[in-house]
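>>> What would the 3D arrangement of this be:
(3 chains)
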Amino acid sequence: MNSPAISVRNLWKVFGPGGEKIPGNRELSALSSAELLERTRCVAAVRNLSFDVAKGEVFVVMGLSGSGKSTLIRCLTRLIEPTSGQVLVDGNDVLQAGTAELRELRRRKVSMVFQHFGLLPHRTVLDNVSYGLQIRGAGKSERHAKAREIIELVGLKGYEQHYPDQLSGGMQQRVGLGRALAGDPDTILFDEPFSALDPLIRRDMQAEVIRLHKEMGKTMVFVTHDLSEALKLGDRILIMRNGEPVQCGTGDDLVGSPADKYIEDFVSEVPRADVLTLKWITRPLADTTPRDAAVLNSRLIIRDAIPAVMHSSCPVLVEEGGRITGQIDRDSILSVLQAAESAA
Amino acid sequence: MSLREGVTGAVLNPFQSLLTDTPFYVLVTVIAIVAYALGGWKLAALTTACLGVIIYLGLWSDSMVTLAGTLVATAVVMVLGVIFGVAMGRSSRVDQFLRPLLDAGQTMPSFVYLVPFLGLFGATRFTAIVAGIIYAAPVAIKITADGISGISPTVVQSAVASGSTPWQVITKVQLPMARQSLALAANQGLIYVLAMVVVGALVGAGGLGYDVVAGFVQTSIFGKGLAAGLAIVFLGIMMDRMTQAAAAAPARRIPSKSST
Amino acid sequence: MSVVLQERKTARPAPAPVSEPRRRPSRRTILLLSAAAIWILGFLVLNGTATLALPASELTDLHRSLNQFNAWVAANRADNPLFLYVFTPLRSAVDAVANLFTTTFAATATGLRLPEIGWLGTVGLLTWIALAVGNVRVALLTAAVFVFFGIQGLFVEATYTFALVLTAVLLTLLVGIPLGILAGIYGRVARVITPVLDFMQTLPTFVYLAPLALVFLIGPASAVIATVIYAAPPVIRLTAHGIRRIPDNTREASDSLGTTGLQRLLTLQLPMARRTIVMGINQGTMAALSMVTIAALIAAPGLGQTVVRALQSLDVGTAVNAGLSIVLLAIVLDRVTTAASRRAEPGSARRRQAGPQDPRRPPGDCLRRSPGHGAVVQDCAVGGCLPGGPQPWSADCPGS
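Next comes the predicted model:
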């Protein structure tokens, strides 16, 4: 893996009077949110956050409302000015960038999709999608040609001349997606893009994002409060609480070994068989197990392993990197399913 | 015109003489006390300063004539505002019927209002006051109606559900809750009335407006006209701030009109 | 207040005021009552003393010194630098614009009661303008009303008033819209400007006139300047409001694409605030008409002067005629600017032709006015071009 697309180090965002003093102050920065509010009338929306996003990765930031995730994603392109820290995009420090440099970054490298779409009501779909291109000075025919291409890509062909208020919520968000894609950025930021949509449409849009990610391979930073969305989309997930990182890892890391009680509560409702891989339930190899039993990869999702295990008369072997690491049997699968049953 | 004479004799003249014949120091004290009651020391100081400027301008008596006409007209405007405002706020049919009329009334220049009443009542103070009332009423009615219809329906429904008569709903729920709007209506009504009462000098309203108009016509009294213009400004500022203070004050009623 | 309300509501089932504890009169009530008592007592005891009455013809020293100031201004108008370089050029510039419109629409500079483009020209031009910014109905209304002015014999007066209103509105927009944009974008400008606007709107129309006449002499120029002062506040306020009201998320979305300040203004703020701005123009126009008629007192030509003269000579008949003309002019100005503001609403024309709930219109119904420009754009790609089969996104296509 080469250098990360986005690299965040010690990022702080403190709202309130005199907020710029807090990150440097060892005593104040250690306070909890409530104490901080009482002492300084400041709110730390993002506290000392560090993470890397690899090129082509879908990185999900998850947390409840008020956890600072929307502030965080806005700090990445300085739609909200961070208080202190470092944000590197392709190795360039965003916080040190001048106005023109920052504008260039927003125009060409990083674009964003918003929860409430943020479409311009007085412009057609075509003009909305080509807005970013117009802003950077592309000619009319050039930007319309590119916009038509994108509109087809996001599945809105035939709606070019419609206005946003003639479209359903899902279609409006397709326009928002198209607008973000039109500038051909390396990275797309999503700020709870689908939380205003109906569940059914949300599922379609999630599939759409997965499809676009596969086709175009863009780096994506995706903010959501919906755990199932996070697990579905994210290569890696960062869980935030009160502006602080709680845990960062792949979906089955979070479900399989939650860092604390908070995450445990969070993931308790998740159907574990759908998320966890065999690695989490593998037991040591027993002497009685025949060595010629069926073999499954340890990264297989448990639910997908059910038929093979249930049809096998003896325990099944688990391999990782060509080496047998253990075995699983019916009991181990049933215990996972039963745990999910009792949690629900 | 018996209506004109009746109103002039029974209301206008006594009220005007109450303002013009009382010694100025008594009135300044009274107004300052009222201002203090409504808005504290700051407002009392501002009011006294405004009155001081008016005395310095040498136009105390004329200012009191204008003030009398303005207050009488504003009182009537508020009565109209509450009656029609409540009717509009409670019934969308009344609203649909009256609103275009009020809108039309508001688009007309103030001048035009004088004309028909000049035909009816001749060139008197009464004409100017009636024109002022008609000019200012649409604003007061609209603001009151918006205040009444802006009350959350749940509150009204809960009052009805607990067995209130319509009169009780109006007096115990809707009017108290629309207090802010009523005070705003009084404030705006006052400003509109003042503008009209001054223009009414053209049809014999007297007071400061007469000084202004005369100042335009005769160069020899231009200075007095200019001073009268300034006096109108300070009178306006004083009344504007006092009604605003009444609007902001957390009281149960608006106590300004009855005692000023 | 809600506490009071609850108290009353819970009190209601019980018979009358028994359950409500009697309040002691507040300090404020006591103060107000004592003020009333002092007043009545003062009136009864000291009636007629120290009333500071000043007979109509008498002047104080202050008035005389103001008179002298007036005379001084008249004497030094020609050579005081303030007048020479500021007020007089301003006055000439405003006069020039006002003259341009009065000679075009009302009467020639030589005093001939005939507009440069002829009566028919005036009516035709104004009707065309009404059609261009509004619609057929207001255009017909305009034509009818101006013909009616002719029949009444008040054509020249009415067009004078109209020409002054037009001058004043153009100058108001020149001043008001940039100020409104600044106030809409920069909170600091708004904080400075709002108290000034509040103060200007509290002043009765009358009081602008005397000081302006002192500085700019009587005549159309000071009338126009007074009108601009009076009509600018609503334009400034509504422009600023239109820009401030744009939702944060729309602005943020535009920022995220890297707009410069100017691009944001041109592509986002002005188009989205357009309807509110045009409403401001409507309000400003009505205020301007009101002021232009009152400015007759400082010798502004037009209908106002007819009314003033008739009021002063108690000639009710003439006053009614001229008053009616003012009302009709007000109606025309209101309707035309309202029609213009309706058209300025994003997508208003489109909505009339195709309901928003039906994006898949039949192919024939594809002519549409793009909002605001009056241009007709072709949009035939919409109807029936979607492939028939079920699509992965079909769940969120209305009507599929």
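>>> contacts, neighbours, all on C-alpha from now
OK.
>>> isn't residue C:297 right next to residue B:213, touching?
Yes - when contacts are counted by C-alpha atoms under 8 Å, residue C:297 is listed as touching residue B:213 (7.5 Å).
>>> Am I right that residue A:114 is in contact with residue C:253?
Yes - the pair residue A:114 and residue C:253 qualifies as a contact (C-alpha under 8 Å) at a distance of 7.1 Å.
>>> Three-state assignment for residue A:296, please.
Classification of residue A:296 by DSSP: H, G, I helix; E, B strand; the rest coil places it in strand.
>>> which residues touch residue C:284?
Applying C-alpha atoms under 8 Å, 6 or more residues apart in numbering or on different chains to residue C:284 gives the contacts C:169, C:172, C:231, C:232, C:233, C:234, C:235.
>>> Around residue 73, how many other residues sit close by?
You didn't say which chain, so I picked chain A. Residue A:73: 20 surrounding residues under other C-alpha atoms under 10 Å in any protein chain shown.
>>> should've been chain C
Neighbours of residue C:73 (other C-alpha under 10 Å): 15.
>>> residues contacting it?
C:214, C:215.
>>> how about residue 117, phi and psi?
Since no chain was named, I'll use chain A. phi 70, psi -50 (degrees, to the nearest 10).
>>> hmm, I had chain C in mind actually
Note on residue C:117: backbone dihedrals following degrees, to the nearest 10 are phi -100, psi 10.
>>> what's near enough to touch it?
Residues near residue C:117 by C-alpha under 8 Å, 6+ apart: C:104, C:105.
>>> got it, and the one 3 residues further on?
Residue C:120 makes contact with no residue under the criterion C-alpha under 8 Å, 6+ apart.
>>> count of neighbours near residue C:264?
Quick note: residue C:264 (other C-alpha under 10 Å) scores 16 neighbours.
>>> hang on, isn't it packed against residue C:254?
Yes - assessed by C-alpha under 8 Å, residue C:264 is found in contact with residue C:254 at 7.2 Å.
>>> Quick check: closest non-adjacent residue to residue 169.
Since you didn't name a chain, this refers to chain A. Residue nearest to residue A:169 in three dimensions, not counting chain neighbours: residue A:197, with 6.3 Å by C-alpha to C-alpha, 6 or more residues apart in numbering or on different chains.
>>> that answer is for a different chain, and I need it for chain B
residue B:159 (6.5 Å).
>>> Likewise for residue A:301?
Once flanking residues are discounted, residue A:301 sits nearest to residue A:277: 4.2 Å by C-alpha to C-alpha, 6+ apart.
>>> Distance of the one you found relative to chain B?
54 Å (C-alpha to the nearest C-alpha, to the nearest Å).
>>> right, and that residue touches residue A:254 too?
No - look at residue A:277 against residue A:254 with C-alpha under 8 Å: they stay out of range, at 11.9 Å.
>>> For burial, what's the neighbour tally of the residue of the stretch 51-200 of chain C found nearest chain A?
Ranked by C-alpha to the nearest C-alpha, the top residue of the stretch 51-200 of chain C for proximity to chain A is residue C:185, at 16.8 Å. Per other C-alpha under 10 Å, the neighbour tally for residue C:185 reads 18.
>>> follow-up on the earlier one: now, which of the contacts of residue C:284 sits nearest chain A?
residue C:235 (22.0 Å).
>>> Helix or strand: which one has the closest one?
Residue C:235 is part of helix C:220-244 when elements are defined by DSSP states H and E.
>>> one step back: so the residue nearest to residue A:169 sits against residue A:170, correct?
Yes - Residue A:197 is within contact range of residue A:170, at 6.5 Å (criterion: C-alpha under 8 Å).
>>> Those two: which is more packed in?
More neighbours surround residue A:170 than the other of residue A:197 and residue A:170, with 24 against 18 (other C-alpha under 10 Å).
>>> in which helix or strand would I find the more buried one?
Using DSSP H and E, residue A:170 falls in helix A:169-182.
>>> which residues are in contact with that helix?
A:111-114, A:117-119, A:125, A:128-133, A:146-147, A:150-151, A:154-156, A:164, A:188, A:193-194, A:196-197, A:201-202, A:205, C:396-397.
>>> Give me the buried stretch members for stretch A:5-18, please.
Using 16 or more other C-alpha atoms under 10 Å in any protein chain shown as the test for burial, stretch A:5-18 gives A:5, A:6, A:7, A:8, A:11, A:12, A:13, A:14, A:15.
>>> now do stretch C:247-261
Quick answer for stretch C:247-261 (16+ other C-alpha under 10 Å): C:250, C:251, C:252, C:253, C:254, C:255, C:256, C:257, C:258, C:259, C:260.
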